[in-house]
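# can't give you the sequence, but here's the structure:
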């Protein structure tokens, strides 16, 4: 298989890339890691007139943790950069937990974090993790930069809020209220398969009290599901067996799974509930140990 | 020009722009004209006649086309040839010297790490990347590192043994 014909540009600066996008009038597509785009080009699900390859732009591959705990991830940061990062396990345990579950190890060397969020696949791990974390995307266009919350950025399956002449140049995870904790669990039949169900839970803890709670799901609906409202009852509380169970049931209720060859909708909902209990119980145990 | 596009894609029509790129392949700079839509795997196989890199699934799943791009394993069917311009890549042809097999190749021979051999080049390149990063992997780490490469005949047991065999040999050689 081979893609249909397209023009190709490999600009050296973000400004140059934006100018090419702007001139294309919406017929150009950005190529970053290409691990979703190139397969789509080969299948001809996508047939843009122009590809703007941003891989030759310097300074977009970084994971920066600021003094207040804000995490900034550049547009060319590969999945494996997150997987092998020394700083993420402390700065953002949710991202650290998800990093080695994305696709397969060879896709992770090339695919990008920001590109995955932009791709907005309902199965995508990063869009779910970012939604749970309350993250946002910094988009740059001809008129400068704007910041878009991920829950507003992912507007539907395979759709994001970028204008045709904008580039998502950075993902930002806001500074935690207290200590950033949480995890990401995914059930897949084999590595690289679409997930049967994936669950992200992010809690900011002050001592053993929850200061902020977020959750999101992948693979159990036609879109990334924001389940943050379902865990809101935990805020201001210490984690207990009862409130963990209540939150897990609420998150499972927010799922929109469909029965298919990976399992029935009831089964998938049960997986979601079990994963939430597993993550929260783990956090409760470690916060008790720390206290 | 026509030979490059045989079996892959129609040759560029009159007026379709190609790009002249230079890629260091197994240590040797190679210059070639490519149309932007040409996949790296196709450039290697048809353009440079390096048919050791296999094209398996064509859908970015199987890992048979795994090569090293700047030292890291990538699926060469999921990257455009133009993107390799100015970069260094290694293929399975770069493993052996004229007189000696690479320890990874020797491992696959000793431990019967292949039956039909189709997935083997990708398995070996993914293994090379693993052993460069982690010279003393556990069995689990080998399985994890190869989880992006599919084999439909050996059931993986002997592939994992082959990589562990190679790791031991390479550690012994570096001591």
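Thanks, I have it. Because the structure is predicted, anything quoted here is derived from the model rather than measured. Residues are numbered from 1 along each chain as shown, chains lettered A, B, ... in the order given.
# Could you verify my assumption that residue A:197 touches residue A:219?
Yes - counting by CB atoms under 8 Å, residue A:219 is a contact partner of residue A:197 at 5.2 Å. All C-beta atoms are positioned from the backbone trio N, CA, C, and that covers glycine.
# what residues are shared contacts of those two?
A:186, A:268 (CB atoms under 8 Å, 6 or more residues apart in numbering or on different chains).
# quick one: the strands in the stretch 151-291 of chain A?
A:154-156, A:159-160, A:167-173, A:179-188, A:195-206, A:209-218, A:225-226 (DSSP state E, counting those that start in this stretch).
# what's the angle from the fifth one to strand A:209-218?
Interaxial angle, strand A:195-206 versus strand A:209-218 (axes from the mean of the first three to the mean of the last three CA atoms, to 10 degrees): 160 degrees.
# Which elements pack onto strand A:195-206?
Judged by 3 or more CB pairs under 8 Å, 6 or more residues apart in numbering or on different chains; DSSP states H and E, strand A:195-206 is in contact with helix A:93-99, helix A:125-133, strand A:179-188, strand A:209-218, helix A:265-290.
# Direction included, what does it pair against?
strand A:179-188 (antiparallel), strand A:209-218 (antiparallel) (DSSP bridges).
# Please apply the same query to the second one.
Its sheet considered, strand A:159-160 pairs with strand A:154-156 (antiparallel) by DSSP bridges.
# cool, and the third one?
Applying DSSP bridges to the sheet, strand A:167-173 is found paired with strand A:71-74 (antiparallel), strand A:136-141 (antiparallel).
# re the thing from before, between the helices and strands packed on strand A:195-206, which one is closest to residue A:14.
helix A:125-133 (21.0 Å; CB to CB).
# before we move on, back to that, what's the closest of the helices and strands packed on strand A:195-206 to residue B:21?
It's helix A:125-133; of the helices and strands packed on strand A:195-206, that one is closest to residue B:21 (CB to CB) at 31.0 Å.
# for residue A:180, which residues make a bridge with it?
residue A:204.
# Could you count how many residues lie near it?
For residue A:180, the neighbour count with other CB atoms under 10 Å in any protein chain shown is 23.
# can you check residue B:23 too?
Residue B:23: 25 neighbours (other CB under 10 Å).
# On the three-state scheme, it is what?
For residue B:23, the assignment made with DSSP: H, G, I helix; E, B strand; the rest coil gives strand.
# Apart from its neighbours in sequence, what residue is nearest it?
Setting aside the residues directly before and after it, residue B:23 is nearest to residue B:84 in space (CB to CB, 6 or more residues apart in numbering or on different chains), at 4.6 Å.
# contacting residues for the one you found?
B:21, B:23, B:40, B:43, B:69.
# need the residues you listed in a markdown table with distance to residue A:155 and pLDDT, can you?
What follows is the contacts of residue B:84, written out as a markdown table (distance: CB to CB, whole Å; pLDDT from 0 to 100):
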| residue | distance to residue A:155 | pLDDT |
| --- | --- | --- |
| B:21 | 37 | 95 |
| B:23 | 39 | 97 |
| B:40 | 33 | 97 |
| B:43 | 37 | 95 |
| B:69 | 33 | 98 |
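# quick one: which of those residues is nearest to residue B:62?
Among the contacts of residue B:84, and counting by CB to CB, the member closest to residue B:62 is residue B:40, at 15.5 Å.
# Distance check, the closest one against residue A:46.
Residue B:40 is 18 Å from residue A:46, where distance means CB to CB, to the nearest Å.
# Compare neighbour counts for those two and give me the winner.
Using other CB under 10 Å as the criterion, residue B:40 and residue A:46 rank with residue B:40 on top: 27 against 18.
# I'd assumed residue B:25 was in contact with residue B:91.
Yes - in this structure residue B:91 lies within contact range of residue B:25 using CB under 8 Å: 6.7 Å.
# list residues touching both of the two?
With CB under 8 Å, 6+ apart as the test, residue B:91 and residue B:25 both reach B:44, B:50.
# residue in chain B nearest to chain A?
Using CB to the nearest CB, the closest approach of chain B to chain A is made by residue B:148 at 3.1 Å.
# How about the secondary structure of that residue?
Per three-state DSSP, residue B:148 ends up coil.
# Without its sequence neighbours, what residue ends up closest to it?
Nearest to residue B:148 is residue A:104, by CB to CB, 6+ apart, at 3.1 Å.
# ok, now residue A:276?
residue A:248 is the one closest to residue A:276 (CB to CB, 6+ apart), at 3.8 Å.
# quick one: contacts for the one you found?
Residues near residue A:248 by CB under 8 Å, 6+ apart: A:272-274, A:276-277, A:280.
# Residue B:143 now?
Counted by CB under 8 Å, 6+ apart, residue B:143 has contacts B:156, B:160.
# Next one: it, what pLDDT does it get?
What the model reports for residue B:143 is a pLDDT of 97.
# any idea how the chain splits into domains?
You didn't say which chain, so I picked chain A. Split into domains by automatic domain parsing, chain A comes to A:7-53, A:63-173, A:180-285.
# oops, I was thinking of chain B
Taken from automatic domain parsing, chain B resolves into B:2-94, B:103-170.
# separation between residue A:49 and residue B:60?
Counting by CB to CB, the gap from residue A:49 to residue B:60 is 23 Å.
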